[in-house]
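> my questions concern the predicted model and sequence given below.
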Amino acid sequence: MSADAPALARIAEAAFTQYVKAIGKPPAPMYPDFPDLISKGWVSVPDREEVQAYAVTYPDGAALQLDAVAVAPEAQGLGLGRFVIEAVEARAGDLGLARVALYTNVAMAGNLTWYPKLGYSEVDRRREEGFERVYFEKDIRGLSEDRVRQAFVDQAVICRKLQAPFTTMVIDAAAEVLGRETAVGRRVLDWLGEPEPRGDALALRLAGALHGAVRAGELPLLSTLYPPAETPDYTVLKAALADALEAAEAKILAWLDHAPQTNEVGRSGILYPGLMVIGHAFGPRMELLELGASAGLNLVLFRYGFGNASVSLGNSASPVQIRPDWRGPWPEGPEPEIVKARGVDLNPLDLTDEATVARLTSYGWPDQPERLARLEAAIEVARAELPKLDAGDAADWLEQRLAEPATPGVTRVVMHTIAYQYFPEPVKARVRAALEKAGAEATREAPLAWLAFEMEGSDQPVLTLQLWPGHARRQLAVAHPHGTWIEWDG
């Protein structure tokens with residue numbers, strides 16, 4: 001391999017040159033001593049006719065340290081980077097190591113979103129050797145089949161409680177038919193993450209992939225069993241699913257890489273009265289800042305209609321009408337006047353891209369047609385004037401937004417729905433710290449609000465609100481995860 005050193009050096013320089021300006025100097029892995037690294041056995045390359053990518057790794061305690069990975073610019077977009085990472089993880093397993101550890105530079109924004117998609121978790125950020133580094137790790141020991149199958153059982157229980165009987169059947173049946181004789185079965189049963197519903201939501205990834213293939217007309221046999229057809233015989237469904245796992249193998253394997261993003265529009269129905277409470281305290285003019293915004297459908301909630309049997313609010317002419325089963329008093333306060341709205345997501349969804357829209361709608365459950373129709377209507381409403389979305393880390397983004405000058409007479413509202421719970425602990429801590437810092441500086445002329453609809457250790461999510469200045473965090477409501485019903489505490 002020593003003869004490959006010049007080619008490796010060219011790849012390194014070409015791959016990392018793009019970051020010099022952002023970092024202010026050459027990145028650490030831009031000019032390595034390849035002859036020395038090769039002599040130590042730390043360099044690996046894909047088995048191809050020409051060298052187009054490489055990884056530098058070495059054992060460090062219980063981890064395999066991934067010191068650098070690079071792909072030649074002309075070979076990018078071909079999946080080589082993922083291939084190299086998978087080879088690194090396989091090597092760690094062969095060495096009996098528990099983890100792969102790596103770091104990247106905070107200026108390499110693409111890496112900050114790419115590594116989490118591959119199952120890596122951020123564990124630290126610090127300045128080291130003059131570089132602002134972000135550290136990631138991934139446990140590659142795999143899971144027992146029992147844990148994966150139990151995750152499917154747990155998800156089926158949740159779907160049953162949420163009145164989705166067909167989706168429940170699909171998940172139950174999938175848990176039975178998954179086996180090591182198929183590529184999909186091996187991928188799922190050897191999942192290298194947290195398969196549980198509040199982890200990687202593995203069962204919903206598979207259910208979404210199957211629904212997407214059905215909606216695309218790629219699984220004609222299975223599609224005959226999907227709603228609006230009558231509930232199928234369970235054994236017939238199992239047989240069709242077993243065939244589907246092979247027939248749509250490539251699509252399913254690709255979809256398993258993506259966490260489900262439903263961008264549940266029904267949650268706007270609980271955010272809107274929460275905004276009215278904020279308006280009652282500080283006035284109706286607000287700037288919305290959403291964390292984990294997905295496609296931004298809840299950022300345009302002011303374009304929807306809301307209410308119940310006795311109250312009608314929002315846009316009564318909107319094709320999106322959200323009318324949950326309301327329990328309790330209606331909150332006092334004016335309807336919000338949204339002067340600005342902006343959101344952030346590690347992977348914001350582009351509603352102008354048909355493939356992205358197809359994926360988003362496929363995560364809707366096929367046995368809840370009203371919910372799916374509402375999602376499709378909200379997509380069209382949002383497409384008329386796309387919400388402003390940024391790709392990035394929630395804590396980084398929020399720190400930047402809250403550092404900007406506040407507008408007198410406008411309440412900045414930081415909000416999120418069933419998203420915060422999935423943030424890494426360091427990100428959660430930084431979000432809280434940023435809010436507390438900005439809250440300490442807030443005034444009645446330029447107030448701050450934190451409106452959150454999240455699981456709080458209970459069976460159902462709760463809506464909480466904290467206002468600055470002068471108000472402690474309080475619970476406003478308990479609600480169905482999709483906003484089907486709302487029990488208002490006020």
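Cool, got the structure.

> settle this for me: Thr407 is touching Met286, isn't it.
No: no contact is recorded between Thr407 and Met286 when judged using Cβ atoms under 8 Å, the distance being 10.2 Å. Glycine gets a C-beta too; all of them are placed from N, C-alpha and C.

> between those two, which contacts overlap?
Between them, Thr407 and Met286 share these contacting residues under Cβ atoms under 8 Å, 6 or more residues apart in numbering: Val339.

> ok, these two, which is more surrounded?
When Thr407 and Met286 are compared on other Cβ atoms under 10 Å, the one with more neighbours turns out to be Met286, at 25 against 14.

> list the contacts of the more buried one.
Per Cβ under 8 Å, 6+ apart, neighbours of Met286: 275, 278-279, 336-339, 410-413, 449.

> and it, helix, strand or coil?
strand (DSSP: H, G, I helix; E, B strand; the rest coil).

> model confidence score at Ser458, please.
With respect to pLDDT, Ser458 scores 69.

> returning to what we had before: give the buried subset of the contacts of Met286 as a ChimeraX selection command.
Buried members of those, defined by 16 or more other Cβ atoms under 10 Å, are picked up in ChimeraX with:
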select :275,278,279,336,338,410,411,412,413,449
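
> now, which of the contacts of Met286 sits nearest Gly457?
Lowest distance from Gly457 to these (Cβ to Cβ) belongs to Ala449, with 22.7 Å.

> if we can go back for a sec, in helices only, show me the contacts of Met286.
Of the positions in the contacts of Met286, 275, 278-279 sit in helices, assigned by DSSP state H.

> of those, closest to Ser362?
The shortest separation between Ser362 and any of the ones in helices among the contacts of Met286 is 30.1 Å, and it belongs to Leu275 (by Cβ to Cβ).

> so that closest one makes contact with Phe453?
No: look at Leu275 against Phe453 with Cβ under 8 Å: they stay out of range, at 11.9 Å.

> and Ala395, that's in a strand?
No: Ala395 sits outside any strand when classified using three-state DSSP, being helix.

> now do it against Ala378, distance only.
28 Å (Cβ to Cβ, to the nearest Å).

> name the residue in these two with the higher neighbour count.
Applying other Cβ under 10 Å to Ala395 and Ala378 shows that Ala378 carries more neighbours, namely 27 against 23.

> what's around Arg10, how many residues?
Here the count is done by other Cβ under 10 Å, and Arg10 has 12 residues near it.

> do you know how far it is from Val410?
Distance check for Arg10 against Val410: by Cβ to Cβ, it reads 52 Å.

> got it, and Arg401?
Separation of Arg401 from Val410 (Cβ to Cβ) stands at 13 Å.

> go on, Arg444?
With distances taken as Cβ to Cβ, Arg444 is found 12 Å from Val410.

> need the helix or strand of the protein with the lowest average pLDDT.
Comparing every helix and strand of the chain by mean pLDDT, DSSP states H and E singles out strand 121-128 as the least confident one, with a mean of 85.

> quick one: contacts of that strand?
The set of residues external to strand 121-128 that reach it, using Cβ under 8 Å, 6+ apart, is 106, 116, 132-138, 424, 426-427.

> quick one: what helix or strand has the closest residue to Leu225 other than its chain neighbours in it?
Leaving out its chain neighbours, the residue that sits closest to Leu225 by Cβ to Cβ, 6 or more residues apart in numbering is Pro232, at 4.2 Å. Of the helices and strands defined by DSSP states H and E, none includes Pro232.

> what about the helices in the stretch 151-300 of the chain?
Taking DSSP state H, counting those that start in this stretch as the test, the helices found in the stretch 151-300 of the chain are 165-177, 183-189, 202-215, 220-223, 234-247, 249-255, 268-282.

> mind listing what's buried in the shortest one?
Which is helix 220-223. Applying a neighbour-count criterion of 16+ other Cβ under 10 Å, the buried positions in helix 220-223 are 222-223.

> fine by me, we can end here.
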